[in-house]
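Engineer: whatever this is, show me its structure:
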Amino acid sequence: MFFHVGAAKTGTTYLQRLLFANREQLAAAGVLYPGDHFGAHVQAAFDLRGTGFDGPDPHAEGRWRAFVDAARDWNGPVVFSQELFSPADPRQIATALADLSFADVHIVLTARELSRQIPAAWQEDVKNRFTTSFDEFVRQVREPRRLASRQGRMFWELQDCVDVLQRWARDVPPERVHVVTVPPPGGPRDVLWRRFASVVGIEPGFVDAAAAFQNSSLGLVETTVLRRLNLALDDEVGWPLYNELVKHYLAQDVLVDRAGSSPIRLSEDDRVWAAERARAQAEGLAAAGYDVVGSLRDLLPPDPPPQASSDGSPEASVEAQLEVALEAMAALLLRISRLRRGIR
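Structural biologist: Numbers count the residues shown, from 1 in each chain. Model prediction:
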């Protein structure tokens, strides 16, 4: 039983898309990836934790039990994968492991270098309708104990690999705890999948990893425009509509991977702080004696790019924001037109 509990923005969506798209082939090969739709693992996490995106999710009720029953009935390896399991508290984790006591549970955590995680987490929050500026987000991440640092605390609940594994693996032998590191940029796209598959016992070439959906991050200008849109919207635009048209269509289909998009970068001071924190995390994982697939060096920061300034990301110019906003308006109007004509 392989329980992949996170972390968010470490290629989890990429891995989950691969597993879900190939679930029938995997089942034929003896590996179960349960769930009748892609969001089923989200619902299982919400059901276990008694939560949801906006309060308890009624659609999630019974999903965790269904997953447990499916795992019990399966004769072979089973994979649960969802980063929303990672914030579970000790009581919820004890419940999960007790429910799965019939299996040898392996805990799997994918981990990525911190200076890449912080910008990625901010833009992901903006895609989920948050309105915090990048500077304030970084301040909260650096000072999570401040009363006003809600997003900072949320960040570490998902991203503090040492803490997440101390909670989830307290009663699991270290040889059954696997840290899969995300490789640095520039290498083959399927390295993460090959590392993950080696843990689960799947032949990596069994699936076409190149065809999987990549949940790429937005650039600075695109995220700035989306954040300004969030500030302008009111409650009349509910989450289901926002989720469909803004998050999944506008952000993940239209604004992602635009030509010439500028990455979001930390300032020099924040990079130095993140490097120190990343080294502490790598040392903590090494000391715990977990199985590391890849290298803990992957979690250490590279040298800053030559073009990086001490101020981090430049300001998103008004002209650049206007160009993105016009593209967004045109894309949304086209989408509405197609929906009215019954074209999905």
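Engineer: Gly11 - nearest residue in space that isn't next to it in sequence?
Structural biologist: With Cβ to Cβ, 6 or more residues apart in numbering as the criterion, Gly11 has its nearest non-adjacent residue at 4.6 Å, and that residue is Leu192. (C-beta placed from N, C-alpha, C; glycine too.)
Engineer: can you tell me how far the one you found is from Ala71?
Structural biologist: 24 Å (Cβ to Cβ, to the nearest Å).
Engineer: just want to know which of those two has more residues nearby.
Structural biologist: Each of Leu192 and Ala71 has its neighbours counted (other Cβ atoms under 10 Å); Leu192 has more, 25 against 21.
Engineer: pull the contacting residues for that one.
Structural biologist: In this structure, Leu192 makes contact with Gly11, Tyr14, Leu15, Thr110, Val180, Val182, Pro183, judged by Cβ atoms under 8 Å, 6 or more residues apart in numbering.
Engineer: Trp168 too?
Structural biologist: By Cβ under 8 Å, 6+ apart, the contact list for Trp168 reads Phe3, Val5, Phe85, Ser86, Ala88, Ile93, Ile107, Leu109.
Engineer: how many neighbours does Arg344 have?
Structural biologist: Neighbour tally, Arg344, other Cβ under 10 Å: 5.
Engineer: with adjacent residues omitted, what lies nearest to it?
Structural biologist: Nearest non-adjacent residue to Arg344, counting by Cβ to Cβ, 6+ apart: Arg338, 7.6 Å away.
Engineer: for Gly52, same thing?
Structural biologist: Phe46 (5.0 Å).
Engineer: same deal with Ala111?
Structural biologist: Nearest-residue entry for Ala111: Cys161, 4.9 Å, with adjacent residues in sequence omitted and distances by Cβ to Cβ, 6+ apart.
Engineer: may I see the domains of the chain written out as residue ranges?
Structural biologist: The chain breaks down by automatic domain parsing into domains covering 2-215+266-307, 218-263+314-344.
Engineer: who are the packing partners of the top helix by length along the chain?
Structural biologist: As assigned by DSSP state H, the longest helix anywhere in the chain is helix 318-340. Using 3 or more Cβ pairs under 8 Å, 6 or more residues apart in numbering; DSSP states H and E as the contact criterion, the secondary-structure elements in contact with helix 318-340 are helix 220-232.
Engineer: count the residues that sit near Phe53.
Structural biologist: Phe53 has 12 neighbours, counted by other Cβ under 10 Å.
Engineer: my error: substitute Val207 in the last question.
Structural biologist: The burial count assigned to Val207 is 19, neighbours taken as other Cβ under 10 Å.
Engineer: pLDDT wise, what is it at?
Structural biologist: Note for Val207: predicted pLDDT of 83.
Engineer: can you classify the residue lying closest to Asn230 once chain neighbours are set aside by secondary structure?
Structural biologist: Nearest residue to Asn230, sequence neighbours excluded (Cβ to Cβ, 6+ apart): Thr131, at 4.9 Å. Secondary structure, DSSP: H, G, I helix; E, B strand; the rest coil: Thr131 is coil.
Engineer: so who does Thr131 touch?
Structural biologist: Under the criterion of Cβ under 8 Å, 6+ apart, the contact list for Thr131 reads Arg227, Asn230, Leu231.
Engineer: tell me how far the last one lies from Arg258.
Structural biologist: In other words, Leu231. Look at Leu231 and Arg258: by Cβ to Cβ, they are 21 Å apart.
Engineer: then Val237?
Structural biologist: Between Val237 and Arg258 the computed distance is 24 Å (Cβ to Cβ).
Engineer: follow-up on the earlier one: can you tell me which of the contacts of Leu192 are in strands?
Structural biologist: Thr110, Val180 (DSSP state E).
Engineer: any idea which of the contacts of Leu192 has the most stuff around it?
Structural biologist: Neighbours were tallied for each of the contacts of Leu192 (criterion: other Cβ under 10 Å), and the maximum of 29 neighbours falls on Thr110.
Engineer: what does the helix or strand bottoming out on mean pLDDT in the chain rub up against?
Structural biologist: One helix or strand of the chain scores below all others by mean pLDDT, DSSP states H and E: helix 239-241, with a mean of 90. Where contact means Cβ under 8 Å, 6+ apart, the residues beyond helix 239-241 that reach it are Phe53, Asp54, Arg129.
Engineer: let's have these in a markdown table, adding pLDDT and distance to Lys247.
Structural biologist: Conversion of the contacts of helix 239-241 to a markdown table gives the following (pLDDT from 0 to 100; distance: Cβ to Cβ, whole Å):
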| residue | pLDDT | distance to Lys247 |
| --- | --- | --- |
| Phe53 | 80 | 11 |
| Asp54 | 73 | 14 |
| Arg129 | 96 | 8 |
